[in-house]
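Engineer: Fold the following.
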Amino acid sequence: MMGRTAAALAALVTSLSAAEFQNGQAARAVIGQPSFSAHDAGIVAHALTVSKGKLYAADASNHVLTFDLAKLPGPKDDLNGGPGSGCRVCGFAPVSVANQAVMRGVAGVASFGRTVVVADPANHRVLIWRDSTSPEPDVVLGRAGSAAGVSASTLIDPTSVAFDGKRLFAGDAGLHRVLVWNSLPVADDQPADAVLGQPDFTSAAANDVAGANTLRNPAALASDGTNLYVADGADRRILVFTPGDTALASDAVVNSASLFTTPLAAGGLATIRIKGQNDPSRVDVVLNGESLPVLSANAEEIQVQAPGELGNATSGSLYIRSQHLGAAVTVSNAVAVKLASAFPGLYAFGGNEPRAGLLLHAETAASSGAPVTAETPAKPGEIITVWGTGLGAVDEDGNVLNAVTVWVNGSRAEMISAKLPEEAQGVYEIRFVLPPASGDTAQLFLMQAGNASNTITSPIEQGIQ
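Structural biologist: Here you go, the predicted model:
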């Protein structure tokens, strides 16, 4: 036991010292908007700085806004209680607003000690002086340009920089991203270690829809040594990015039934695919600052239930908080999850898509709802039951509010009911009449609010037209 504990603690120490940003990770918090997907009137900052627990933002309206960072919950804070309908890491009003004209362009210069970093957008480069008394820069980044395509060395329109004594950040308005170097570059055109705002170094698409992992114009940057604050002027907000002790993939969160990375629906079940957690004594899954109910957890996956009310948000930020032996806490990087009032998924057995579905015959005097199998196939005209998740809100009797339709081999089936059984946790029961079909296999899926579920298959009695 002692050996196992020592090994776990050694792995934990390693992970704690290796907290780094991951490609395409999501912001953990948003300042100036009520959600990660909102696009209301907000903050158009062209300069940021952090000092003594306060974030100062120079706004385009010639105001300096002061935000108390103590009011922003930390990723390792203990989270108590169930999920709420709000967002603990969204919004945040400034604690003071001062009229103060600030010269534009200061976002393009950063200094720490004797090191000075300057963004040079006209020449598509970032200049680094390790000693500010030197007449020439020691390192020039971005000179390789984009002749060979977008890469980890490409700078098109570097408009902002930040250096916290360890990491260097460069905001590129032309590529809608921030490049991250985990240590100050020592060679010209040294590739960045991570990218924020894009899924990878080779992507250069414009981010037309605001989300927890998107940037349109990183107009200003500031770092407190742990968190990176990005003024995304085009979306009128400031995003807060935090490195993780462990890596969580951007596609780790899937619908527990469909296994697709479709939007997380209100009240629905999600499965998070993970690597080993070093035997944590407690695991929290945090969505928008709120701890979600954890239904099951092992070394490979965690199953959680989404809040029953998601508001109007269409994007959220999720990370994993793990408490280990000795009360040490580690967190993963945050990932963006799409949110929806409903997005159905159907339960099925394993295998390749379309997978064999979990179907039941109707309960009758002679049957107690036996499974549909090759030996006991479904019959056209009989009532069939399937199970799913992600169907969203229900009325006081458990009936699904968003209309559900079932399609079988291209024909619309007669619906009997779609409801959340009493005391069920996110698993819905859908009953329908199997329409006439040819062949020995039926392929069926759900449609709800314009969204299609995964397709599942079922054996049907042969020769029935």
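
Engineer: Walk me through the domains of this structure.
Structural biologist: 2-14+251-340, 21-241, 345-459 (automatic domain parsing).

Engineer: Mind putting those domains into CSV with mean pLDDT and mean neighbour count?
Structural biologist: For glycine as for every other residue, the C-beta is placed from the backbone atoms N, C-alpha and C. Below are the domains of the chain laid out as CSV (pLDDT from 0 to 100; neighbours: other CB atoms under 10 Å):
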stretch, mean pLDDT, mean neighbour count
domain 2-14+251-340, 83, 19
domain 21-241, 90, 19
domain 345-459, 92, 17
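
Engineer: Quote the end-to-end distance of stretch 51-62.
Structural biologist: 20 Å (CA to CA, to the nearest Å).

Engineer: ditto for stretch 195-202
Structural biologist: First-to-last residue span, stretch 195-202, CA to CA: 10 Å.

Engineer: And the contacts of it?
Structural biologist: Contacting residues not belonging to stretch 195-202 are listed as 21, 23-25, 149-152, 154, 175-180, 191-192, 204-205, 207, 213-215, 218, 228, 230, 241, 250 [CB atoms under 8 Å, 6 or more residues apart in numbering].

Engineer: How far away from the center of its chain is it?
Structural biologist: 14 Å (CA atoms, centre = their mean, to the nearest Å).

Engineer: again, but for stretch 343-362
Structural biologist: 26 Å.

Engineer: What separates the first and last residues of that stretch, distance-wise?
Structural biologist: For stretch 343-362, the end-to-end distance is 25 Å (CA to CA).

Engineer: pretty sure residue 138 contacts residue 117?
Structural biologist: No. If you go by CB atoms under 8 Å, residue 138 and residue 117 don't touch, sitting 10.6 Å apart.

Engineer: Give me the common contacts of the two.
Structural biologist: With CB under 8 Å, 6+ apart as the test, residue 138 and residue 117 both reach 128, 129.

Engineer: Relative to residue 57, how far out is residue 222?
Structural biologist: 9 Å (CB to CB, to the nearest Å).

Engineer: Restrict stretch 448-465 to CA atoms and write it as PDB.
Structural biologist: C-alpha atoms of stretch 448-465 as PDB (Å, rounded to 0.1, in the frame of the first residue of the first chain):
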ATOM      1  CA  GLN A 448     -36.400  16.600 -32.000                       C
ATOM      2  CA  ALA A 449     -36.200  20.400 -32.400                       C
ATOM      3  CA  GLY A 450     -34.600  19.900 -35.800                       C
ATOM      4  CA  ASN A 451     -31.900  17.700 -34.300                       C
ATOM      5  CA  ALA A 452     -31.400  14.000 -35.300                       C
ATOM      6  CA  SER A 453     -30.200  11.300 -32.900                       C
ATOM      7  CA  ASN A 454     -27.800   8.600 -33.700                       C
ATOM      8  CA  THR A 455     -29.300   5.700 -35.800                       C
ATOM      9  CA  ILE A 456     -29.800   2.300 -34.300                       C
ATOM     10  CA  THR A 457     -30.700  -1.000 -35.900                       C
ATOM     11  CA  SER A 458     -33.200  -3.700 -34.900                       C
ATOM     12  CA  PRO A 459     -34.200  -7.100 -36.300                       C
ATOM     13  CA  ILE A 460     -37.700  -7.200 -37.600                       C
ATOM     14  CA  GLU A 461     -39.800 -10.200 -38.600                       C
ATOM     15  CA  GLN A 462     -39.200 -11.200 -42.200                       C
ATOM     16  CA  GLY A 463     -41.800 -11.300 -44.900                       C
ATOM     17  CA  ILE A 464     -44.000  -8.600 -43.300                       C
ATOM     18  CA  GLN A 465     -44.900  -5.800 -45.700                       C
END
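
Engineer: Distance from the chain centre to that stretch, please.
Structural biologist: For stretch 448-465, the separation from the chain centroid amounts to 31 Å (computed by CA atoms, centre = their mean).

Engineer: what's the answer for stretch 169-176, then?
Structural biologist: Counting by CA atoms, centre = their mean, stretch 169-176 comes out at 21 Å from the chain centroid.

Engineer: send the alpha carbons of that stretch over as CSV?
Structural biologist: Backbone C-alpha positions of stretch 169-176 (Å, rounded to 0.1, in the frame of the first residue of the first chain) are rendered in CSV as follows:
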residue,chain,number,x,y,z
PHE,A,169,1.9,35.0,-25.3
ALA,A,170,1.2,36.6,-28.7
GLY,A,171,-2.3,37.5,-29.9
ASP,A,172,-2.8,37.3,-33.7
ALA,A,173,-5.9,39.1,-34.9
GLY,A,174,-5.4,37.8,-38.5
LEU,A,175,-5.5,34.2,-37.4
HIS,A,176,-8.0,34.7,-34.5
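
Engineer: neighbouring contacts of that stretch?
Structural biologist: Outside stretch 169-176, the residues touching it (CB under 8 Å, 6+ apart) are 107, 119, 121, 126, 141, 150, 154-163, 177-181, 192, 197-198, 204-207, 214-221, 223, 228, 230.

Engineer: Which parts of the stretch 51-200 of the chain are strands?
Structural biologist: 54-59, 63-68, 90-91, 96-99, 109-112, 115-120, 125-129, 139-141, 158-163, 168-172, 177-181, 194-196 (DSSP state E, counting those that start in this stretch).

Engineer: which one of the ones you listed lies closest to residue 414?
Structural biologist: strand 90-91 (43.1 Å; CB to CB).

Engineer: what does that closest one contact?
Structural biologist: Contacts for strand 90-91 (CB under 8 Å, 6+ apart): 29, 30, 31, 32, 33, 34, 35, 36, 38, 288, 289.

Engineer: Mind checking which of those are in strands?
Structural biologist: 29, 30, 31 (DSSP state E).

Engineer: Which one of those residues is nearest to residue 294?
Structural biologist: residue 29 (22.0 Å).

Engineer: who does the closest one bridge with?
Structural biologist: residue 240 (DSSP bridges).

Engineer: Please tell me how far the closest residue to residue 393 other than its chain neighbours sits from residue 28.
Structural biologist: Excluding the flanking residues, the one nearest residue 393 by CB to CB, 6 or more residues apart in numbering is residue 401, at 4.8 Å. Remark: distance between residue 401 and residue 28 (CB to CB) = 32 Å.
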